[in-house]
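Chemist: 3D, please:
(2 chains)
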There are 2 protein chains.
Amino acid sequence: MAKDDFQSIHDYGLPLFKEDIAEYTGAKRDEISTGLGDDSSVLEAGDGMAVTTSSEIFLEGVHFDLTYTPFHHLGYKMVTAAVSDIYAMNAEPVLLHLNVAAPNKYSVQMLKNLYKGIDAACKDYNVELAGTDVTASHQILVLSATATGLGNKSSIVRQSGAKQDHIICVTGDLGAAIAGLRVLLREKSAWKESGQDHFQPDLGDYEYVVQRQLVPKARQDLLKGFTQAGIIPSSMTDITRGVVNDLQRIGKQSEMGIEIYSPALPISYEVRNVADEMQEDVDKYAFYGGEDFEMAFTIREEEVEKLKADFDDFSVIGKMVAKEKQFIINTGEDRKIKFDLFET
Amino acid sequence: MAKDDFQSIHDYGLPLFKEDIAEYTGAKRDEISTGLGDDSSVLEAGDGMAVTTSSEIFLEGVHFDLTYTPFHHLGYKMVTAAVSDIYAMNAEPVLLHLNVAAPNKYSVQMLKNLYKGIDAACKDYNVELAGTDVTASHQILVLSATATGLGNKSSIVRQSGAKQDHIICVTGDLGAAIAGLRVLLREKSAWKESGQDHFQPDLGDYEYVVQRQLVPKARQDLLKGFTQAGIIPSSMTDITRGVVNDLQRIGKQSEMGIEIYSPALPISYEVRNVADEMQEDVDKYAFYGGEDFEMAFTIREEEVEKLKADFDDFSVIGKMVAKEKQFIINTGEDRKIKFDLFET
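Modeler: Sure thing, here's the model as predicted:
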C-alpha cells in the first residue's frame, strides 16, 4: 500500500482519488455501451432503444446554501441538474428518482415547497417523479437525484465523438450563474454584518444573474432544434463546471485538442456589470464559472447554418484541433494561452 | 395552509408527510407503468422490455455506524440494498450509480476499501458500476445508490398482484439482522465504558447474526428458482422494514387482507440465542426487524411444491385473505392478533 493511502481524502485530492477508483467497475455488462466518465451511462435495451441514467448528490453547505436559496428554487434546480445530463446525451428525460434526507430543523411547509419546486420542474421537462423517499438526517439537508432518459441508440451523443475541425458551440450565455452567486454572497455578508434577523436582499438590478444561479433551466430546446434540423452533434456536454473544464473533458474523451476564441464567448451585459462592480475579470466568469447549465457541443462546419434555421440561441466559440495542440485559448490580441489538456 | 405545516418535519411524522407529497409526481408519462410506491419504478422500453429503477440515500449516523462497520462491508451492503429492490420486481440488476460525499476525516485507504466492497458486491450480483462521483462533505459520509434492472414486461412482479388464497412465503430466516445489530450495539456500549482506544469486539459466538447485519446478501438465487420452475409470483417485496411492515404494503397495494401463522416464521437458533440473552421476544425480531434482505412473495397454492423442486430455501408463513380481515397474526395458541391494515 502506498504511503499516500493514509492521507485524508481531500488532502490527497478528489480528482486523483477518482482516477484510483476507476478500476472498481464491478462486473462488465455487454448491454452497457457507456459507463463511467460521460454525463450519463448508456444501457442498450431492446428495439434500438438506449436508456441513459445520471445520478447526483447534493449537500446543504456544500452544494447549496439555504440562507439565500428558497426551497422551491432548490427543488427546481436539482431537477434541472439531473435532466441536463440526460439532454447532454441527446436523449429525452422520462423519469426521476429523488430522495431527501431532512433534519428536524425544517418545517413541513419548507419541505412541501421543495416538492412543489420538484413538481414544477418535472412538469416543465415532462418528467415523472417515479420514486421518492424521505428519510431522517441529523444536521443537514441532503438530496439525491437520478434521472433516466430514453433515446435511439443511433442518436445518443457521447463526449468522445468530436473530430478535427468540428466547430465548438455553446448555447445561451456564460458566467451568469457565478455572477449571481457573487451577488448573493455579497448580500449574505452584508446581512451578517447588519445583525438583522431576516435576510431580505435587494436584488432588483441583479434579477437576471440571480435567477440564473437559483433557478437555472436545462436546454431542452436545443434538442428540439437538433431534431428539426436533422443534426446529431458529434459530441456534447452540459456546462456545469465552467466551459473550459467541460470542454477539457470533451477533448480528453475525443482525444483531440481544442482551440477557443475568447472574444466569441457569449457574455451578457448583466454579467459584465457584476464583474465590473466586483472588479473581477469577466472572462474568468465565462471560462470557469459553473452551473450555467448551458450546452457545449461540436458539429461539422456545414451544420452551423443548418442548425441556425431551427435554433439560433448558440454561439460558435472555437474548433477541435489536433491532439498535439492541447487546449489553446486565443484571446484575439495576438496572445494565446495554451495549457496541457492531458495532464490533470 | 393547515397550521400543521409549520411543525418541524419529524414532529409531524415522515409517513404523513410522504402521503402529503404523493400528489407531486410531475408530468405523467405513458411509458411508466409503475411509479411511486413499489420497490422500483418500471419504465416500459421497446421490444417488451421493462427497465426497473430504485434509488436510496444513506447517511452516517442515521443509516450506518462506522464505529463497527468496516468500509468494505458498508460498500457491499449499499449494493445489496440497491439490487435487492430490483430482484423484488423479478428483474435482473444490470447497472449501478453510486455517489459518495466524503468528509476529510476519512483517509484514501478507508474510501478505497469502500469502493472495494462496492466492486466485490457488483461482481457477485453481475452488475456494472456505470456511474460514480465523489464529492465533499463537511461532517458525515453520505452515499446514494441507484440500481437499474432489466426484465420482460410480462414477468415484472409488483406489490399489487396478490389475490385471495395466494400463499405467503419468505426466503431464508428472519430477524438475524436486528439480532446482529443488538450484539454490535451492546459491544459498542461496552467499548465506550471501557475507555479503550480501539474497538475490537469479540464476536466469535455471534458470527452469523453479525454477518447478516454487516454484509447481507440479496436473494438473487430465488429469481433463478422462479425461472427454473417457470413461476411468476403474484406479488413480491424485499424484507427491509420487518416482514410485518413489508407484507402490510403488499396487502395495501393488492387491496387484500393478510393472515400469517407466527410459529411458521423461520428463525435461526442463533437469533433465538441472542433474543434469550437480551431477554427480548424473538418473535418481535422476526416480525419487525429490518434489513434482512430476504424476500416475501405470494404464489398460488399449487406452485409451492413446484418451486420447492428448484429452490427450497423458503417457508410458507400464511396466506392472502379477504380485505375485511385486515392483518391477522395467528399465534398458534388460539390467540389472534388483528390490526387494521388500511390505517397508517
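Chemist: what about stretch A:337-344, average pLDDT?
Modeler: Stretch A:337-344 comes out with an average pLDDT of 63.
Chemist: what about chain A, any weak spots by pLDDT?
Modeler: Low-confidence segments of chain A (pLDDT under 70): A:1-3, A:334, A:340-344.
Chemist: the helices in it, which residues?
Modeler: Secondary structure of chain A, counting by DSSP state H: helices at A:9-12, A:14-20, A:71-87, A:108-124, A:176-194, A:207-214, A:220-229, A:243-254, A:269-278, A:282-288, A:303-310.
Chemist: other residues contacting the shortest one?
Modeler: Contact with helix A:9-12 is made by A:4, A:17, B:102, B:104, B:106, B:107, B:108, B:111, B:134, B:136, as judged by C-beta atoms under 8 Å, 6 or more residues apart in numbering or on different chains. (C-beta placed from N, C-alpha, C; glycine too.)
Chemist: which residues touch the first one?
Modeler: To tie it back to what came earlier, the one meant is residue A:4. For residue A:4, the set of contacting residues under the criterion of C-beta under 8 Å, 6+ apart consists of A:12, B:108.
Chemist: repeat for the fifth one
Modeler: Contact partners of residue B:106, counting by C-beta under 8 Å, 6+ apart, are A:8, A:9, B:141.
Chemist: now do the second one against residue B:154, distance only.
Modeler: If I follow you right, that is residue A:9. Counting by C-beta to C-beta, to the nearest Å, the gap from residue A:9 to residue B:154 is 46 Å.
Chemist: more neighbours: which of the two?
Modeler: Set side by side, residue A:9 and residue B:154 give different neighbour counts by other C-beta atoms under 10 Å in any protein chain shown, the larger being at residue A:9 (24 against 8).
Chemist: look up the closest residue to that one, ignoring the ones flanking it.
Modeler: Among residues not flanking residue A:9 along the chain, residue B:102 sits closest, at 5.1 Å (C-beta to C-beta, 6 or more residues apart in numbering or on different chains).
Chemist: if we can go back for a sec, among the helices of chain A, which is the most enclosed?
Modeler: Highest mean neighbour count of the helices of chain A: helix A:71-87, a mean of 26 (counted as mean count of other C-beta atoms under 10 Å in any protein chain shown).
Chemist: tilt between that one and helix A:220-229?
Modeler: Here helix A:71-87 runs at an angle of 30 degrees relative to helix A:220-229 (axes from the mean of the first three to the mean of the last three C-alpha atoms, to 10 degrees).
Chemist: what's helix A:71-87 packed up against?
Modeler: Here helix A:71-87 is seen to pack against strand A:49-59, strand A:92-102, helix A:108-124, strand A:142-152, helix A:220-229, strand A:235-239 when contacts are counted using 3 or more C-beta pairs under 8 Å, 6 or more residues apart in numbering or on different chains; DSSP states H and E.
Chemist: sheet partners, orientation included, of the last one?
Modeler: Taking DSSP bridges as the criterion, strand A:235-239 pairs within the sheet with strand A:294-299 (antiparallel).
Chemist: on that earlier part again, so can I have TSV of the helices and strands packed on helix A:71-87 showing distance to residue A:279?
Modeler: Putting the helices and strands packed on helix A:71-87 into TSV (distance: least, C-beta to C-beta, whole Å) gives the following:
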stretch	distance to residue A:279
strand A:49-59	31
strand A:92-102	39
helix A:108-124	34
strand A:142-152	35
helix A:220-229	34
strand A:235-239	25
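Chemist: contacting residues around the one residue sitting closest to the centre of chain A?
Modeler: Here the mean C-alpha position of chain A is nearest to the C-alpha of residue A:240 (C-alpha atoms, centre = their mean), at a distance of 2.7 Å. Taking C-beta under 8 Å, 6+ apart as the criterion, residue A:240 is in contact with A:81, A:84, A:246, A:290, A:291, A:292, A:293.
Chemist: what two of these are the furthest from one another?
Modeler: The widest separation within these, taken as C-beta to C-beta, falls between A:81 and A:246 and amounts to 13.8 Å.
Chemist: surely residue A:91 touches residue A:40?
Modeler: Yes. Residue A:91 is in contact with residue A:40 according to C-beta atoms under 8 Å; the separation is 7.3 Å.
Chemist: what's the overlap in contacts for these two?
Modeler: A:52, A:149.
Chemist: now the contacts of residue B:106 in a markdown table, with distance to residue B:177?
Modeler: As requested, the contacts of residue B:106 are exported to a markdown table (distance: C-beta to C-beta, whole Å):
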| residue | distance to residue B:177 |
| --- | --- |
| A:8 | 32 |
| A:9 | 29 |
| B:141 | 21 |
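Chemist: from these, which single one is nearest residue B:325?
Modeler: After measuring the contacts of residue B:106 against residue B:325 - C-beta to C-beta - the closest member comes out as residue B:141, at 44.8 Å.
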